[in-house]
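J.: sequence first, then the predicted structure:
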Amino acid sequence: MTAVTMTTPAGARRRTRVATGQLAGTWTLLRLALRRDRIMLPIWVLALGGSFSSVGSSIASIYDTAPQRAELAASMNGNSSLRAMYGPVFDDSVGGLVSWRMAAFGAVLAAVMSLIVVVRHTREEEETGRQEMLSSAMVGRRAPLTAALLAAVIANAALALVIGAGLAGSGAGGAGAVALALAVAGTGVLFACTAAIAAQFTESARLAKGLTAAAIGAVFVLKAAGDSASDDGSSVLTWLSPIGWAENVRAYADERWWVLLVLAAAVVVQAAVAYGLAGRRDVGMSFLATRPGPAQGRISTAFGLALRLQRGALTGWTLSFAVVGVAFGGLTGGAADLVGDNAKTREIFERMGGQAGLTDAFLAAMVSMLGMVAALYIVASVLRLHGEETAGRAEPVLAGGVGRTGWAAGHLVIAFGGAALLMTAGGLGLAVGYGHELPAVLGASLVQLPAIWLLGGVAVLLYGAFPKAAVASWGVAGICLALGWLGPAVDMPQAVMDVSPFTHLPKLPGGTGMEWGPVLALTAVAAALVGAGVGALRRRDVLT
């Protein structure tokens, strides 16, 4: 009995020392992570959080009477396609409509922000070799993962504060604002843990991001399928989706606070899994080993290598554009019913899609949205060059018979040609979903390419001339996306809207017809940016 009494406290102290040792250096790594993200995270938080209050102000302006809001809620709940995209309306107050419009999309964007943060400070650090150098000092095994998750928690907490304060400032505060903010931020933290698990299974940061993004897409599809089948969020498919949980918190509609406990429990379970996996592998290793590719055939050229590296992402993006195009096309026929007699809503669609008939304006607006999302693809594809270089995989390729121009050209063909493929798939999907005007809709989709290519050219220039600032390409594309999404709704000044190259494109189909001047000018600027970026790449040193 005495022996047991003597050894038990000692054993507990040893376990405490082991646990503490595995977290050694966490605060230092957290400060480093926050310093590295000192520009990216505030932009994410302010842009995403501010969009909630902007949407609230827009809804209060457009639907300024209770009967108008009730009519909107009834039309939304009666349209299964719109429910699939946005979810059901649980309350027709301004706050309830903000929750309907932003809960799912806000949760998705918070999840994307979180996966970027976690993968950047875990798997990406290991892939570049920096984590091995840090681990040689007084850094515990689980400290990097803990620091990354804490950074994601801080970002989502800040996002919740901005959402809550913004809604309160726009007159839609109260318990509903708190519930909506916590639901969005909680979903972000949940997918931070999902990203942490994905980072344990793959040696590639790109694949870890892809796996987490696929999980986000899958749960959004589950939510969409469930909401399409039910107008009260009660479908089993909706409840299988964490994004459906955020929706079913029912902000501004007799809040279900207990749903937040479901989110918290899922966070705890996934965090425990991530920590368990992190303790069972070596730094730089993963549970899914990377298979060696073939040494001959299509991979023997720079283009073949680029195609092999990017074909998975290109295939996923193409299929997604086709599916989304069909969904948007299916909404087109009911555009007039959706707008009804509300002149302000009609003005928003006309600002997005031109002064044509309402159906053509709606199609033009959807085509423009597809184009702005395709800009995210082209930036990601171009920056694959940066990832290959910083990971040390470009140097062996360039040490052989492949020149820098040829190596870069392989990836750029995939990036710029892939954007054309995406817009073709999206245009075909729109035409199929709408059931009419295939040549006009497909042509309108392809007209978006000069603006997409210009943003790709910005990424090429930043990567070639200022590789350490290449990540700023995401900010440029994000600004254009925000302008296209929120600008028409809040009636931003034209001088601000002109910052986006998409503003200068002809509004097709319909409108005043094809205008070749802006299309050719944007194409020429894109070509000049690409040429300048490739020229700068040829003259600078390779990153190590």
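T.: Perfect, thanks for sending it.
J.: alpha carbons only for contacts and neighbour counts from here, please
T.: Noted.
J.: find the nearest non-adjacent residue to L222, please.
T.: Excluding the flanking residues, the one nearest L222 by C-alpha to C-alpha, 6 or more residues apart in numbering is L237, at 5.5 Å.
J.: send me the helix or strand hosting that neighbour as PDB with only the CA atoms.
T.: For L237, the host element (DSSP states H and E) is helix 236-239. Output of helix 236-239 as PDB, limited to C-alpha atoms (Å, rounded to 0.1, in the frame of the first residue of the first chain):
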ATOM      1  CA  VAL A 236     -31.500  13.900 -42.100                       C
ATOM      2  CA  LEU A 237     -29.100  15.100 -44.900                       C
ATOM      3  CA  THR A 238     -29.100  18.600 -43.500                       C
ATOM      4  CA  TRP A 239     -28.300  17.300 -40.000                       C
END
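J.: contact partners of that helix?
T.: Helix 236-239 is contacted from outside by L222, K223, A224, A225, G226, D227, G233, G244, W245, using C-alpha atoms under 8 Å, 6 or more residues apart in numbering.
J.: tell me which element the residue nearest to the fourth one when sequence neighbours are not counted falls in.
T.: The spatial neighbour of A225 that comes closest, neighbours along the chain excluded (C-alpha to C-alpha, 6+ apart), is A84 at 6.2 Å. Element membership for A84 (DSSP H and E) is helix 80-86.
J.: off-centre distance for stretch 47-66?
T.: 22 Å (C-alpha atoms, centre = their mean, to the nearest Å).
J.: what comes up buried for the helix or strand hosting G517?
T.: If you go by DSSP H and E, G517 is part of helix 516-539. For helix 516-539, a neighbour-count test (16 or more other C-alpha atoms under 10 Å) marks 518-519, 522-523, 525-527, 529-537 as buried.
J.: any stretches of the stretch 251-400 of the chain with poor pLDDT?
T.: 281-300, 331, 333-358 (pLDDT under 70).
J.: quick revisit: counting by contacts, list what the helix holding G517 packs against.
T.: Secondary-structure packing of helix 516-539 (3 or more C-alpha pairs under 8 Å, 6 or more residues apart in numbering; DSSP states H and E): helix 404-434, helix 449-465.
J.: and the angle from that helix to helix 449-465?
T.: Helix 516-539 runs at 20 degrees relative to helix 449-465, counting by axes from the mean of the first three to the mean of the last three C-alpha atoms, to 10 degrees.
J.: pLDDT of helix 516-539, averaged?
T.: Per-residue pLDDT over helix 516-539 has a mean of 92.
J.: returning to what we had before: packing partners of the helix holding A84?
T.: Packing partners of helix 80-86 (3+ C-alpha pairs under 8 Å, 6+ apart): helix 66-77, helix 94-121, helix 205-229, helix 302-332.
J.: for the nearest residue to T523 once chain neighbours are set aside, give me its contacts.
T.: Leaving out its chain neighbours, the residue that sits closest to T523 by C-alpha to C-alpha, 6+ apart is P450, at 4.9 Å. Contacts for P450 (C-alpha under 8 Å, 6+ apart) come out as V519, L520, L522, T523, A526.
J.: any idea how far the fourth one is from F416?
T.: Taking C-alpha to C-alpha, to the nearest Å as the measure, T523 and F416 are separated by 12 Å.
J.: find residues that contact each of the two.
T.: Applying C-alpha under 8 Å, 6+ apart, one finds that T523 and F416 are jointly contacted by W453.
J.: centroid-nearest residue for the chain?
T.: Nearest residue to the geometric centre of the chain (C-alpha atoms, centre = their mean): V112, 4.6 Å.
J.: looking at it, the residue nearest to A225 is touching L222, isn't it?
T.: No. Taking contacts as C-alpha atoms under 8 Å, A84 lies outside contact range of L222: 9.5 Å.
J.: which pLDDT value goes with the spatially closest residue to L522 that is not a sequence neighbour?
T.: Setting aside the residues directly before and after it, L522 is nearest to P450 in space (C-alpha to C-alpha, 6+ apart), at 5.4 Å. On pLDDT, P450 comes in at 94.
J.: any idea how far V525 is from P450?
T.: P450 is 9 Å from V525, where distance means C-alpha to C-alpha.
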